[in-house]
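> After the sequence you'll find the predicted model.
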Amino acid sequence: MTGSVPHKSVPLLGHGILLICLGTAVCALGSLMAKPVRAPLGYIIAAAAIATCLVMVLATFGRRETKTIPRPVITAFLAVGSVMVCFMAFSAIQTGLLEIPVVGVLACLLGLFWSSWYMSLAFKFPPRSPQAVGLCSLAVANSSLGIILATRTGYSKLSIVVAAGCYIIVLGVQVYLLAALLYRELVRVKVFDRG
């Protein structure tokens, strides 16, 4: 790795487990939403849970390590999020649908956050290394899937909640496995420095 190791103070394993548990809980809300009477309540709970997770992740990264994500990446993250919200509002007004997939937008913002972190982490590895290429590929895939999830306005609330839950589970597995990769790289660098 060419730069400092950014995962020393960021509990990636904890974030991975949190995302897996959140995704599982959001998917489980699908069974609650199977009855049309309970669908609005399940949708509100799913949106609140994803928003809480997003705030926790942003607060944890901001409090523990201020240099984890560069300021331009955070600015780009906020700009893309704002554009997405404006697009959703405009498309809802234009088509006459007032059903904005809030759960999809929140899940997309969570995915975009992790994608931006993957990109900032990719710059810590040598260019064209398997780690850098893999992290960039994960960032592109997560961004694309998140944007697709956020811009689907024609689906039911149940399908958006289940799709968001599956997406968050995939994010959690990625973060969990990434923590193992970074630990392996850290051990390899320490052994190399001793030798």
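That came in fine, so what should we check first?

> Sketch out the low-pLDDT regions of this structure for me.
1-10, 62-78, 80-82, 84-100, 153, 186-195 (pLDDT under 70).

> now the helices for it?
Assigned helices in the chain, in chain order: 12-32, 39-64, 71-95, 102-122, 130-150, 157-194 (criterion: DSSP state H).

> Highest mean neighbour count across the ones you listed, which stretch is it?
Sort the helices of the chain by mean neighbour count, taking mean count of other CB atoms under 10 Å, and helix 102-122 sits at the top with a mean of 24. Bear in mind the C-beta positions are built from the backbone N, C-alpha and C, glycine included.

> Check which helices and strands that one sits against.
Here helix 102-122 touches helix 39-64, helix 71-95, helix 130-150, helix 157-194, going by 3 or more CB pairs under 8 Å, 6 or more residues apart in numbering; DSSP states H and E.

> tell me what the first one is packed against?
Put plainly, it is helix 39-64. Using 3+ CB pairs under 8 Å, 6+ apart: helix 39-64 touches helix 12-32, helix 102-122, helix 157-194.

> Mind doing that once more with 10 Å?
Helix 39-64 is packed against helix 12-32, helix 71-95, helix 102-122, helix 157-194, with contacts defined by 3 or more CB pairs under 10 Å, 6 or more residues apart in numbering; DSSP states H and E.

> cool, and the longest one?
Using 3+ CB pairs under 10 Å, 6+ apart as the contact definition, the elements that helix 157-194 packs against are helix 12-32, helix 39-64, helix 102-122, helix 130-150.

> my guess is Leu29 contacts Ile160, does it?
No. Assessed by CB atoms under 10 Å, Leu29 is found out of contact with Ile160, at 11.0 Å.

> which residue packs closest to the most centrally placed residue in the chain, ignoring adjacent ones?
Central residue of the chain (CA atoms, centre = their mean): Gly111, 2.4 Å from the mean position. Distance criterion CB to CB, 6 or more residues apart in numbering; nearest residue to Gly111, sequence neighbours excluded, is Gly146 at 3.4 Å.

> does that neighbour really touch Tyr167, like I thought?
Yes. The pair Gly146 / Tyr167 is scored as a contact, 7.0 Å apart, by CB under 10 Å.

> Would you mind listing the residues touching both of these two?
Here Gly146 and Tyr167 have 104, 107-108, 110-111 as joint contacts, going by CB atoms under 10 Å, 6 or more residues apart in numbering.

> Nearest to Met56 among these?
Met56 lies nearest to Leu110 out of these, by CB to CB, at 10.4 Å.

> Wait, the closest one touches Asn142, no?
Yes. Using CB under 10 Å, Leu110 is in contact with Asn142, at 9.4 Å.

> joint contacts of those two?
Counting by CB under 10 Å, 6+ apart, the shared contacts of Leu110 and Asn142 are 167, 171.

> before we move on, the earlier item: overlap in contacts, Leu29 and Ile160.
With CB under 10 Å, 6+ apart as the test, Leu29 and Ile160 both reach 43, 46, 103.
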